[in-house]
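Enquirer: quick one, fold the following:
(one chain, ligands or ions: 1)
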Amino acid sequence: MYVIKTRKLTKFFGKRNIVYHLNLKVPEGAVYGFLGPNGAGKTTTIKMLTAALRPTYGDIEIFGLKMPEKRVKIMKNVGYMPEYPIAYENMTIFEFLIYIGRLSGLKKEEAREKAKDLMQYVGVGRLALNKIKELSSGQKQRVSFAAALIGNPSLLILDEPTANLDPLGRIELIGRILELSRKEGKTIFVSSHIVSEIEKMCNYVGLINQGRLIAQGKISELTKIEEDEYDILTSHNPDIIEFLKERPYIREVWEEDGIIRVKVELKFLDEFFLQFPKYLAKEGIRLKLFRPHTSPLERILMEKFNIEVSS
Ligand SMILES: Nc1ncnc2c1ncn2[C@@H]1O[C@H](COP(=O)(O)OP(=O)(O)OP(=O)(O)O)[C@@H](O)[C@H]1O
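Expert: Numbering: from 1, shown residues only. Next up, the predicted model:
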């Protein structure tokens, strides 16, 4: 069953076509990355999914119910984190979360307890009595994440949730998202323009460019292409370079910023994988790093679709 399903979802602003004929399919339990460069139409799509914006035409079904007709019923079970969070600038974090908890149907005491737990969970516990307007944009984003969770929704729609977070905050949030998916089985729809983030947290991806969905599906299936460039770091880089230069299965080898880069002859890829470790073991050389030079998803985007997104 698809938790989110759209058919020909389209939005014009005046004569400008911002989103065109989107057929999104988000399976139950997926962590679905909505990936595309700046201005691709992600936020516009998300606003239509949450009924903040009316489509020019096209259909949206969430939990099998029609949006916007069944908006109230649908949104009871959706946690939405907008791109620019929180309008209630004069409330304290605690008041704000209780308020959102009450809106999502919790009793007063329940809302207080949940608000307390969630403030700890997202790391703003010590700021509980600070007003929203006194917070940094990263702190606001954390509060907004807590607000999305307070009604215990089965679907989370998160619009660039890591945008204002520092590097540690980003890793933490990715961890939370994985946890909510694995432990609680939530379906999560999350937009980003950063490939590596999508790769870390998502198992499905929808690629949007200039308002069009150009590919969609399981990441593991979309990225089934063979790599030919690898990054290698060993305890004896100069010896390794000499060794690899002589191998027929290596097309090129060079060093960049202390890391060895090889281009492998694709038809001999298996030989590379068999012989290289054998050589390392024989010579007692330690392998510190071995990875495809570009991530599979990044490569698909660049080679198949000619799209540059941040890595
Ligand atoms: N209310 C509006 N009126 C006119 N144009 C709009 C409006 N809202 C968005 N746009 C335009 O629609 C395009 C897509 O914007 P959108 O915010 O959906 O992109 P996005 O993929 O979320 O980008 P980002 O990653 O930068 O947030 C942009 O060119 C934007 O200028």
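
Enquirer: give me the contact list for the longest strand along the chain.
Expert: Secondary structure of the chain per DSSP state E: the longest strand is strand 2-13. Here strand 2-13 makes contact (CB atoms under 8 Å, 6 or more residues apart in numbering) with 17-28, 30, 32, 41, 44-45, 48-49, 53, 55-63, 154-155, 187, 189, 211. (Glycine included, C-beta is placed from N, CA and C.)

Enquirer: where do the strands of the stretch 1-150 of the chain begin and end?
Expert: 2-13, 16-22, 25-27, 31-35, 57-62, 65-67, 78-81 (DSSP state E, counting those that start in this stretch).

Enquirer: apart from its chain neighbours, what residue comes closest to residue 96?
Expert: Closest residue to residue 96 apart from its sequence neighbours, by CB to CB, 6 or more residues apart in numbering: residue 88 at 5.3 Å.

Enquirer: ugh, wrong one, residue 22
Expert: Per CB to CB, 6+ apart, closest to residue 22 is residue 9, 4.1 Å.

Enquirer: any residues touching stretch 156-163, and which ones?
Expert: 42-43, 46, 49-50, 78-83, 141, 145, 148-149, 169-170, 173-174, 177, 180, 186-194, 197.

Enquirer: so of those residues, which ones are in helices?
Expert: Within the contacts of stretch 156-163, residues falling in helices by DSSP state H are 42-43, 46, 49, 141, 145, 148-149, 169-170, 173-174, 177, 180, 197.

Enquirer: which among those residues count as buried?
Expert: 42-43, 46, 49, 141, 145, 148-149, 169-170, 173-174, 177, 180, 197 (16 or more other CB atoms under 10 Å).

Enquirer: return the member of those residues nearest to residue 122.
Expert: Nearest to residue 122 out of these is residue 145 (CB to CB; 5.4 Å).

Enquirer: pLDDT at the closest one, what is it?
Expert: Predicted confidence (pLDDT) at residue 145: the value is 95.

Enquirer: doesn't residue 86 make contact with it?
Expert: No - the criterion here is CB atoms under 8 Å, and residue 145 misses it with residue 86 at 10.8 Å.

Enquirer: now residue 211. Nearest residue, chain neighbours left out?
Expert: Counting by CB to CB, 6+ apart, residue 41 is the residue found nearest to residue 211 once chain neighbours are left out, at 4.2 Å.

Enquirer: can you verify my assumption that the one you found contacts residue 206?
Expert: No - using CB under 8 Å, residue 41 makes no contact with residue 206, being 11.3 Å away.

Enquirer: and residue 281, how many neighbours?
Expert: 10 (other CB atoms under 10 Å).

Enquirer: so how far is the ligand from it?
Expert: Residue 281 sits 47 Å away from the ligand when distances are taken as CB to the nearest ligand atom, to the nearest Å.

Enquirer: what does the stretch 51-200 of the chain put close to the ligand?
Expert: residue 193 (CB under 6 Å from any ligand atom).

Enquirer: can you redo the strands of the stretch 1-150 of the chain as JSON lines with mean neighbour count?
Expert: What follows is the strands of the stretch 1-150 of the chain, written out as JSON lines (neighbours: other CB atoms under 10 Å):
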{"stretch": "strand 2-13", "mean neighbour count": "18"}
{"stretch": "strand 16-22", "mean neighbour count": "18"}
{"stretch": "strand 25-27", "mean neighbour count": "19"}
{"stretch": "strand 31-35", "mean neighbour count": "27"}
{"stretch": "strand 57-62", "mean neighbour count": "18"}
{"stretch": "strand 65-67", "mean neighbour count": "16"}
{"stretch": "strand 78-81", "mean neighbour count": "24"}
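
Enquirer: and these as a markdown table, adding mean pLDDT?
Expert: Shown next, in a markdown table, are these (pLDDT from 0 to 100):
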| stretch | mean pLDDT |
| --- | --- |
| strand 2-13 | 98 |
| strand 16-22 | 96 |
| strand 25-27 | 98 |
| strand 31-35 | 97 |
| strand 57-62 | 98 |
| strand 65-67 | 97 |
| strand 78-81 | 95 |
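
Enquirer: would you map the helices across the stretch 101-250 of the chain?
Expert: Residue ranges of the helices in the stretch 101-250 of the chain, as given by DSSP state H, counting those that start in this stretch, are 108-121, 137-149, 167-184, 195-201, 219-222, 237-245.

Enquirer: list phi and psi for the residue in the stretch 51-200 of the chain positioned nearest to the ligand.
Expert: Per CB to the nearest ligand atom, residue 193 is where the stretch 51-200 of the chain lies closest to the ligand, at 4.9 Å. Main-chain torsions, residue 193, degrees, to the nearest 10: phi -110, psi 10.
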